[in-house]
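Asker: Output the structure for:
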Amino acid sequence: MRLRVLVWAWLAVAGFALSCTKQAATNTRVPGAGLRVVEQRLGPVPKNVMEMETVTSPDGRRVAFLTRVESRFCVILDGQAGSEYDQATGIVFSLDSRRVAYFAKKGEKWLVVVDGQAGPEYDKNGWGRPVFSPDGTRVAYEAGKGDKRFVVLDGREGPEYDGIAGVVFSPDGKRLAYGAWKGGKWVVDVEGQAGPEYDFAHVPCFSPDGRRLAYLAEKGKKWLMVVGGQEGPEYDQATGVVFSPDSRRVAYFAKKGEKWLVVVDGQEGPEYDDATGVVFSPDSRRVAYFAKKGKKWLVVVDGQEGPEYDGIGVPDVCVKYGIYGMSVLVFSPDSRRVAYSVRKGEKQMVVVDGQEGPEYDEIGVYDGFRVRVLGFSPDGRRVAYSAKKGEKWLVVVDGQAGPEYAFAGVPCFSPDGRRFAYVAVKGKKWLVVVNGQDGPEYDVLRGGLVFREDGTLEHLAQKDGVLLRVKYILWDR
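Answerer: A predicted model of the protein is given here:
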């Protein structure tokens with residue numbers, strides 16, 4: 001159990017990378033593997049680190065640590081200590097990795113620190129983290145005065161409500177939307193303008209081009225979808241709004257009586273006993289989802305039903321709590337192939353293009369935030385996933401099972417799809433497996449694995465209290 005907890009902590013936690021001057025690097029060549037490992041010492045790992053609040057930037061080059069000394073908290077960004085506070089939480093980087101923000105408590109007041117600058121003080125902070133726009137130029141967060149809540153966007157307070165839920169930017173960063181309630185009624189607020197009132201409203205979502213906004217709302221005892229301000233038909237329940245990548249199509253699940261169906265572009269699909277996980281293909285032309293018929297589950301692709309199975313293949317903890325993820329059912333990047341995981345009796349397997357793979361005790365991992373099961377290479381030719389066999393974990397790539405470890409994470413592919421890598425645990429040590437070859441062992445791996453455009457792989461690691469940037473240089477043997 002302790003190992004599993006550590007695994008989830010590593011997957012949920014980002015790592016530590018210092019901006020540093022050039023330091024000595026150690027080169028290690030893995031015999032017969034076409035692999036050279038370069039380790040660069042970045043400095044000692046800070047003490048009293050709160051692991052679950054440690055975050056790396058999306059590009060893997062920056063780090064923010066939250067440390068606690070007695071009753072004081074301090075964020076260390078790129079090795080530089082910030083101001084001390086009575087509490088701090090919700091550290092987040094912008095997607096371009098240039099900016100960082102977090103909530104901090106000063107006495108009885110809360111504030112947001114953005115790029116080292118403390119904002120105004122409020123009585124309450126928001127749930128989760130501050131939110132950067134996709135381009136990193138704007139920041140929004142929830143705050144409160146007395147019993148009222150509001151959103152602060154670019155330093156300006158929005159209208160007051162009794163509560164706020166789900167602050168989201170449009171992909172182009174020009175619009176902000178969130179759910180809010182006041183006097184027992186819910187609205188979706190877009191750029192400070194409240195929409196119509198409902199009995200409840202789900203967190204809104206923008207289309208990829210940022211032009212359309214959709215959300216599900218409850219009206220009386222019925223549910224409907226609102227797209228672009230237009231109400232759709234009413235159902236007994238509705239959930240799971242998804243836009244296609246080209247923004248032209250939208251899908252969601254709706255309930256009629258005791259049956260569920262998928263609604264795509266306003267057209268109802270066949271009725272089932274349950275349904276979940278609708279996805280569009282990357283070219284937006286195809287649609288797939290899981291559906292339940294009686295006690296069996298199947299996958300519907302482009303309206304065609306696949307074979308029936310006993311369940312959806314996800315980690316056991318997800319089955320217990322009904323947690324599923326988009327990576328359980330995926331299209332290849334070229335939209336031609338489909339892969340998904342299922343249960344057959346007490347075993348699980350991955351089905352690729354209708355062909356069943358080998359059976360395992362468990363498929364995929366859950367990091368406390370999302371389910372990660374399988375993935376295609378960028379060229380769509382290869383499929384990889386992690387699986388549990390007895391008490392051991394392994395990775396399956398192109399149908400071939402790799403060596404067994406105490407744990408093995410879901411692999412990632414290089415941009416050209418020729419190489420793959422994943423995190424593994426051997427005994428009490430962590431390592432990265434590259435193209436089936438074990439790399440050096442470390443006390444802790446921090447942050448995710450990042451393939452650069454030139455095919456090199458990088459990650460951060462800790463060994464004997466020292467932080468290392470590790471680079472894997474590969475060549476064809």
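
Asker: CA atoms for contacts and neighbours, from now on please.
Answerer: Noted.

Asker: Show me the shaky parts of the stretch 251-400 of the chain.
Answerer: 316-327, 366-371 (pLDDT under 70).

Asker: And the stretch 1-150 of the chain, by the same measure?
Answerer: 1-25, 27-33.

Asker: Run through the strands of it in chain order.
Answerer: With DSSP state E, counting those that start in this stretch as the criterion, the stretch 1-150 of the chain has strands at 25-30, 35-44, 55-56, 63-69, 72-77, 80-85, 87-93, 100-106, 109-114, 117-118, 124-125, 131-132, 139-145, 148-153.

Asker: Now distance to residue 311 and mean neighbour count too, for those strands, in a markdown table please.
Answerer: Putting the strands of the stretch 1-150 of the chain into a markdown table (distance: least, Cα to Cα, whole Å; neighbours: other Cα atoms under 10 Å) gives the following:
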| stretch | distance to residue 311 | mean neighbour count |
| --- | --- | --- |
| strand 25-30 | 42 | 14 |
| strand 35-44 | 40 | 18 |
| strand 55-56 | 35 | 26 |
| strand 63-69 | 40 | 23 |
| strand 72-77 | 44 | 21 |
| strand 80-85 | 48 | 15 |
| strand 87-93 | 36 | 22 |
| strand 100-106 | 40 | 23 |
| strand 109-114 | 44 | 21 |
| strand 117-118 | 49 | 13 |
| strand 124-125 | 40 | 20 |
| strand 131-132 | 36 | 24 |
| strand 139-145 | 39 | 22 |
| strand 148-153 | 41 | 21 |
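
Asker: what residues are up against residue 140?
Answerer: 130-132, 151-154, 167 (Cα atoms under 8 Å, 6 or more residues apart in numbering).

Asker: what does residue 133 give?
Answerer: Contacts of residue 133 (Cα under 8 Å, 6+ apart): 94, 139, 169-173.

Asker: Recalculate using a threshold of 7 Å.
Answerer: Contacts of residue 133 were listed using Cα atoms under 7 Å, 6 or more residues apart in numbering, and they are 139, 169, 173.

Asker: same question, residue 49
Answerer: Each residue near residue 49 by Cα under 7 Å, 6+ apart is listed here: 65-68.

Asker: and which of those is nearest to residue 187?
Answerer: Nearest to residue 187 among these is residue 66, at 35.6 Å by Cα to Cα.

Asker: Could you check what's spatially nearest to the closest one, not counting adjacent residues?
Answerer: Distances taken as Cα to Cα, 6 or more residues apart in numbering put residue 75 closest to residue 66, at 4.5 Å, once the chain neighbours are dropped.

Asker: so the one you found touches residue 68, yeah?
Answerer: No - look at residue 75 against residue 68 with Cα atoms under 7 Å: they stay out of range, at 8.9 Å.

Asker: re the thing from before, could I get the contacts of residue 140 as a markdown table with distance to residue 450?
Answerer: Conversion of the contacts of residue 140 to a markdown table gives the following (distance: Cα to Cα, whole Å):
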| residue | distance to residue 450 |
| --- | --- |
| 130 | 25 |
| 131 | 23 |
| 132 | 22 |
| 151 | 34 |
| 152 | 33 |
| 153 | 32 |
| 154 | 31 |
| 167 | 28 |
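
Asker: quick revisit: out of the strands of the stretch 1-150 of the chain, which comes closest to residue 420?
Answerer: Nearest to residue 420 among these is strand 35-44 (12.6 Å), distances taken as Cα to Cα.

Asker: Quick one: list the elements packing against that closest one.
Answerer: The helices and strands touching strand 35-44, judged by 3 or more Cα pairs under 7 Å, 6 or more residues apart in numbering; DSSP states H and E, are strand 25-30, strand 466-474.

Asker: Can you report how many residues lie near the closest residue to residue 97 other than its chain neighbours?
Answerer: Spatial nearest neighbour of residue 97, excluding adjacent residues (Cα to Cα, 6+ apart): residue 57 at 5.1 Å. Residue 57: 23 surrounding residues under other Cα atoms under 10 Å.

Asker: so who does residue 57 touch?
Answerer: Residues in contact with residue 57, defined by Cα under 7 Å, 6+ apart, are 63, 93, 97.

Asker: Next, format the strands of the stretch 1-150 of the chain as a markdown table and append distance to residue 421.
Answerer: Supplementary listing: those in a markdown table, determined by distance: least, Cα to Cα, whole Å:
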| stretch | distance to residue 421 |
| --- | --- |
| strand 25-30 | 15 |
| strand 35-44 | 12 |
| strand 55-56 | 19 |
| strand 63-69 | 22 |
| strand 72-77 | 28 |
| strand 80-85 | 31 |
| strand 87-93 | 25 |
| strand 100-106 | 28 |
| strand 109-114 | 34 |
| strand 117-118 | 38 |
| strand 124-125 | 39 |
| strand 131-132 | 30 |
| strand 139-145 | 34 |
| strand 148-153 | 40 |
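
Asker: Nice, that's everything, thank you.
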